[in-house]
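# can't give you the sequence, but here's the structure:
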């Protein structure tokens with residue numbers, strides 16, 4: 001088993017340029033430099049190159065984009081291609097985030113195209129998925145997660161799946177103050193690993209990193225990260241607070 005431990009901070013549409021640099025500086029000074037923990041920051045598009053240039057070479061921090069276009073180039077005003085991201089030394093891209101699904105009505109077909117573009121550009125991908133409160137209350141959460149995984153991953157080249165990191169987002173726990181209990185998180189992460197084993201192989205299932213992405217904070221991070229099938233977190237609001245985010249990183 002060779003799974004990476006990962007803490008990723010999604011800054012969303014927050015911070016101005018100076019705030020972004022100050023936050024990066026704080027994280028570099030105060031977070032662990034352990035090579036066993038990979039840190040990924042997802043700043044706004046406008047700051048990616050500057051954040052990348054400001055990185056210390058000793059800090060094991062990678063930089064990602066919060067989205068990319070499903071197209072390689074062309075007359076698509078306002079879009080940013082995976083190839084553009086690679087040209088400024090971006091490492092990762094988020095695909096399938098719940099906010100892209102909810103507010104921008106992005107579909108599995110678009111996610112497939114985005115991932116294909118990211119793979120062509122040699123970017124690593126964090127693919128996000130998860131159920132909403134109605135699905136959870138109706139006991140459809142396992143079915144929804146399996147469907148979301150199958151609709152996208154089954155259409156990708158099998159030899160490229162190992163370039164993905166998975167991020168389980170219980171949508172009912174994002175920005176609500178609610179958090180899946182460690183028992184709930186472990187149950188779902190184990191189920192996800194079972195689905196991956198059925199789709200591909202047990203070896204891949206045991207080696208793919210699966211992150212928890214639902215209101216993880218400094219109080220619950222260690223307990224969540226101690227779950228055997230939780231390999232880290234995709235952190236939203238807490239990643240904008242330097243001391244809080246560093247405590248989460250240092251929970252491993």
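Cool, the structure landed. Given the structure is predicted, the values throughout are model-derived calculations rather than measurements. Numbering: from 1, shown residues only.
# Tell me who's in contact with residue 156.
Residue 156 makes contact with 112, 115, 116, 119 under the criterion Cβ atoms under 8 Å, 6 or more residues apart in numbering. Backbone N, C-alpha and C define where each C-beta goes, glycine included.
# Which helix or strand contains the second one?
For residue 115, the element it lies in under DSSP states H and E is helix 108-120.
# what about the residue lying closest to residue 70 once chain neighbours are set aside, neighbour count?
Setting aside the residues directly before and after it, residue 70 is nearest to residue 113 in space (Cβ to Cβ, 6 or more residues apart in numbering), at 3.5 Å. Using other Cβ atoms under 10 Å as the criterion, residue 113 is surrounded by 18 other residues.
# can you check residue 143 too?
Residue 143 is flanked by 12 other residues according to other Cβ under 10 Å.
# Look at it and report its pLDDT.
With respect to pLDDT, residue 143 scores 96.
# what's the distance between it and residue 195?
Separation of residue 143 from residue 195 (Cβ to Cβ, to the nearest Å): 11 Å.
# And for residue 164?
Spatial separation of residue 164 from residue 195 under the definition Cβ to Cβ is 13 Å.
# If you count surrounding residues, which of these two has more?
Between residue 164 and residue 195, counted using other Cβ under 10 Å, the more crowded position is residue 164 (21 against 18).
# In contact with that one, which residues?
So residue 164 contacts 115, 124, 125, 126, 127, 153, 208 (Cβ under 8 Å, 6+ apart).
# Residue 77 too?
Contact criterion Cβ under 8 Å, 6+ apart gives no residues in contact with residue 77.
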